[in-house]
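Engineer: structure here, sequence nowhere to be found:
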């Protein structure tokens with residue numbers, strides 16, 4: 001395999017910079033909507049009286065939508081193009097946030113899950129459009145750097161979201177949990193109904209913001225990118241390719257992303273509940289997801305300044321996987337705050353995985369880029385299934401021992417970084433024309 005090199009992005013600098021800023025705003029929204037789940041898990045566990053397994057259906061409902069809707073998202077983008085597709089995704093997210101209002105009024109867990117699924121559907125369209133967009137908006141060898149910038153936008157929002165939402169819905173959760181044990185049934189129902197209603201004001205604000213962004217994106221100057229165009233080298237190499245499944249490095253990349261997303265979501269969304277399980281008050285534990293995301297932001301900064309100047313995307317993925325194994329073992333054998341600290345450090349280990357896996361998996365797909373991107377988006381379903389498996393194991397063993405599920409995950413990611421990403425890959429010539437911008 002030869003290294004892909006490019007001296008200029010496929011559009012002029014001003015258009016590229018403007019597009020990166022707009023996509024950065026979208027990634028901020030992704031982060032805020034996604035990482036609120038870390039608060040919703042303990043919040044709905046209390047408000048709807050759930051066990052660990054049922055509580056982790058929060059992540060299942062949210063992330064399984066990526067699997068269900070990724071291929072339809074690609075079809076939508078085929079018709080609408082990237083920009084209008086992003087606007088549609090934001091509008092669907094607003095609808096999902098709106099469902100939280102009747103869900104809270106009725107204190108009905110299934111309605112909350114429906115709202116999360118609809119929000120995830122909107123995000124599936126947004127992610128299907130924005131991730132390949134940012135990859136192909138400039139030189140391939142610096143794709144991880146651009147994704148790292150998007151990751152900072154995402155994780156800064158993710159660091160803010162649990163603090164904001166947690167302060168609103170988990171304000172007196174520790175004392176309420178104790179009081180609920182001795183309350184008469186009628187008073188208990190009243191208190192839980194009041195607790196459920198706390199999500200209404202923040203989600204009304206979210207609906208308004210998403211609708212304003214829908215209008216902004218629709219009328220923005222985002223350029224369209226023709227991903228169906230192939231340069232001569234890629235076209236010749238793909239002449240006999242009739243299916244996206246004829247790219248082994250993509251197929252393995254999809255599996256790798258599935259496992260990675262599961263690990264990232266588990267680390268970020270379980271840490272508050274895990275901290276509470278270690279005897280730490282929820283008033284303190286609500287900050288733990290933010291600590292995990294600060295670790296991710298630190299990793300993204302390393303990616304921005306060091307890729308590809310000091311090391312490659314492939315090397316970053318390899319080191320990240322090794323750190324994942326080390327930090328997981330630390331969490332398994334430490335106790336209390338030290339164990340929680342190692343889970344937070346998984347944010348650092350996970351940070352450069354998404355930026356590295358995406359370009360390693362989709363560069364060179366040519367006309368198969370959109371469908372390949374859809375498969376990658378489907379892999380986000382790892383965030384639905386792996387935390388759910390963790391919740392089941394935790395109910396059978398303990399919240400701490402259930403983290404053993406992460407060890408084989410990081411080992412497979414290590415395999416992809418060393419060997420899997422090479423499988424079936426063809427040499428690709430330097431190509432500024434690979435992804436031209438439509439006027």
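Structural biologist: Great, that's in hand. What you see is a predicted model, and the numbers here were worked out from it, not measured in a lab.

Engineer: for residue 244, give me its contacts.
Structural biologist: For residue 244, the contacting residues are 250, 365, 368, 371, 372, 375, by Cβ atoms under 8 Å, 6 or more residues apart in numbering. Glycine gets a C-beta too; all of them are placed from N, C-alpha and C.

Engineer: wait, I meant residue 349
Structural biologist: 295, 299, 320, 321, 323, 324, 326, 327, 410.

Engineer: circling back to that earlier point, what subset of the contacts of residue 244 is buried?
Structural biologist: The neighbour-count criterion (16 or more other Cβ atoms under 10 Å) marks 250, 365, 368, 371, 372, 375 among these as buried.

Engineer: tell me how far the strand or helix carrying the last one lies from the chain's centre.
Structural biologist: Looking back up the chat, that one is residue 375. For residue 375, the host element (DSSP states H and E) is helix 369-378. Counting by Cα atoms, centre = their mean, to the nearest Å, helix 369-378 is centred 15 Å from the centre of its parent chain.

Engineer: now stretch 170-190
Structural biologist: Between the centre of stretch 170-190 and the centre of its chain there are 33 Å (Cα atoms, centre = their mean).

Engineer: what residues sit buried inside it?
Structural biologist: Neighbour-count burial for stretch 170-190, counted by 16+ other Cβ under 10 Å, picks out 170, 173, 176.

Engineer: what's the first-to-last distance across that stretch?
Structural biologist: One end of stretch 170-190 sits 16 Å from the other (Cα to Cα, to the nearest Å).

Engineer: ok, the residue nearest to residue 416 when sequence neighbours are not counted - contacts?
Structural biologist: Leaving aside its chain neighbours, residue 416 sits nearest to residue 256 (4.2 Å; criterion: Cβ to Cβ, 6 or more residues apart in numbering). When contacts are counted by Cβ under 8 Å, 6+ apart, residue 256 touches 357, 361, 412, 413, 416, 420.

Engineer: same thing but 7 Å
Structural biologist: Residues in contact with residue 256 (Cβ atoms under 7 Å, 6 or more residues apart in numbering) are 357, 412, 413, 416, 420.

Engineer: got any ranges where this protein has weak pLDDT?
Structural biologist: Where the chain drops to pLDDT under 70, the residues are 1-16, 132, 135-136, 140-144, 223-241, 426-439.

Engineer: what segments of it are strands?
Structural biologist: Along the chain, counting by DSSP state E, strands occupy 224-225, 437-438.

Engineer: as a markdown table, the buried ones among the contacts of residue 244 with distance to residue 51 would be great.
Structural biologist: Formatted as a markdown table, these follow (distance: Cβ to Cβ, whole Å):
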| residue | distance to residue 51 |
| --- | --- |
| 250 | 38 |
| 365 | 43 |
| 368 | 43 |
| 371 | 39 |
| 372 | 38 |
| 375 | 33 |
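
Engineer: pretty sure residue 282 is in contact with residue 170, am I right?
Structural biologist: Yes - at 5.6 Å, residue 282 and residue 170 qualify as touching, with contact defined as Cβ atoms under 7 Å.

Engineer: mind listing the helices for the stretch 251-400 of the chain?
Structural biologist: 282-285, 288-306, 313-333, 336-350, 353-362, 369-378, 382-396 (DSSP state H, counting those that start in this stretch).

Engineer: nearest to residue 151, out of those helices?
Structural biologist: When the helices of the stretch 251-400 of the chain are compared by Cβ to Cβ, helix 288-306 sits nearest residue 151, at 4.3 Å.

Engineer: by how many degrees do that closest one and helix 336-350 diverge?
Structural biologist: Comparing the axes of helix 288-306 and helix 336-350 via axes from the mean of the first three to the mean of the last three Cα atoms, to 10 degrees yields an angle of 30 degrees.

Engineer: next one: helix 288-306 to chain centre, how far?
Structural biologist: Per Cα atoms, centre = their mean, the centroid offset for helix 288-306 relative to its chain is 14 Å.

Engineer: of the buried residues of stretch 170-190, which belong to helices?
Structural biologist: 173, 176 (DSSP state H).

Engineer: tabulate the buried residues of stretch 170-190 (TSV), appending distance to residue 121.
Structural biologist: Formatted as TSV, the buried residues of stretch 170-190 follow (distance: Cβ to Cβ, whole Å):
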residue	distance to residue 121
170	27
173	30
176	33
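
Engineer: and which of the contacts of residue 244 is nearest residue 98?
Structural biologist: residue 375 (30.1 Å).

Engineer: once you drop chain neighbours, what's closest to the closest one?
Structural biologist: What sits nearest to residue 375 in space, not counting adjacent residues and going by Cβ to Cβ, 6+ apart, is residue 254, at 4.9 Å.

Engineer: ok, now which ones touch that neighbour?
Structural biologist: 361, 375, 376, 379.

Engineer: wait, the last one sits on residue 257?
Structural biologist: Yes - between residue 379 and residue 257 there is a contact under Cβ under 7 Å: 4.0 Å.

Engineer: of the helices of the stretch 251-400 of the chain, which is nearest residue 21?
Structural biologist: Proximity to residue 21 (Cβ to Cβ) singles out helix 288-306 among the helices of the stretch 251-400 of the chain, at 15.3 Å.
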